[in-house]
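Chemist: Attaching a predicted model along with its sequence, questions to come.
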Amino acid sequence: MVTLEKLETAAEMLKAIAHPIRIAIVGMLDNKKKLNVTQIHKTLKIEQAVASHHLSILKNKGVLLSERSGKNSYYSLKHQRLSQIVACIDKCQQ
């Protein structure tokens, strides 16, 4: 059974994703990929500070996990099913 608490958590995660850059980041991290901020900002052609800002929001809202390796932090989806949201958005645009 879906509880109100679960729905509130889901709503917070969806609000966090609801930005074009953050949708793109979630889409990049499908299939258990782990990327660092440099890989993300270069792929999206945005400033590193902008990428870091959006990654921080996604991490703080429970969408992403981060794992430190040396000087880099690698980001991955906390719940792989979140990538299905991006796939759904893509299908809705056709």
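Modeler: Cool, the structure landed. A quick note: this is a predicted structure, and the numbers were derived from the prediction, not measured. Residues are numbered from 1 along each chain as shown.
Chemist: Only C-alpha atoms from now on, for both contacts and neighbour counts.
Modeler: OK.
Chemist: and the residue nearest the centre of the chain, what element?
Modeler: Residue closest to the average C-alpha location in the chain (CA atoms, centre = their mean): residue 26, at 3.6 Å. Element membership for residue 26, per DSSP states H and E: helix 20-28.
Chemist: Give the rounded mean pLDDT of that helix.
Modeler: Mean pLDDT, helix 20-28: 95.
Chemist: After that helix, which helix or strand is next? Please name it.
Modeler: Counting by DSSP H and E, what follows helix 20-28 is strand 35-36.
Chemist: May I see the buried residues of stretch 21-38?
Modeler: Within stretch 21-38, the residues scored as buried using 16 or more other CA atoms under 10 Å are 21-30, 34-38.
Chemist: Between the two ends of that stretch, how far is it?
Modeler: 15 Å (CA to CA, to the nearest Å).
Chemist: can you list contacts of the helix holding residue 26?
Modeler: Applying CA atoms under 8 Å, 6 or more residues apart in numbering, the contact partners of helix 20-28 are 16, 17, 40, 44, 54, 55, 58, 77, 82, 83, 86, 87.
Chemist: what does stretch 32-47 give?
Modeler: By CA under 8 Å, 6+ apart, stretch 32-47 touches 24-25, 29, 48, 50-52, 55, 72-77, 80.
Chemist: Could you do stretch 7-18 as well?
Modeler: 22, 23, 26, 57, 58, 61, 62, 63.
Chemist: Format those as a markdown table; extra columns: distance to residue 9.
Modeler: As requested, those are arranged in a markdown table below (distance: CA to CA, whole Å):
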| residue | distance to residue 9 |
| --- | --- |
| 22 | 17 |
| 23 | 18 |
| 26 | 17 |
| 57 | 14 |
| 58 | 13 |
| 61 | 9 |
| 62 | 9 |
| 63 | 10 |
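Chemist: Look at stretch 63-73 and report the distance between its end residues.
Modeler: 15 Å.
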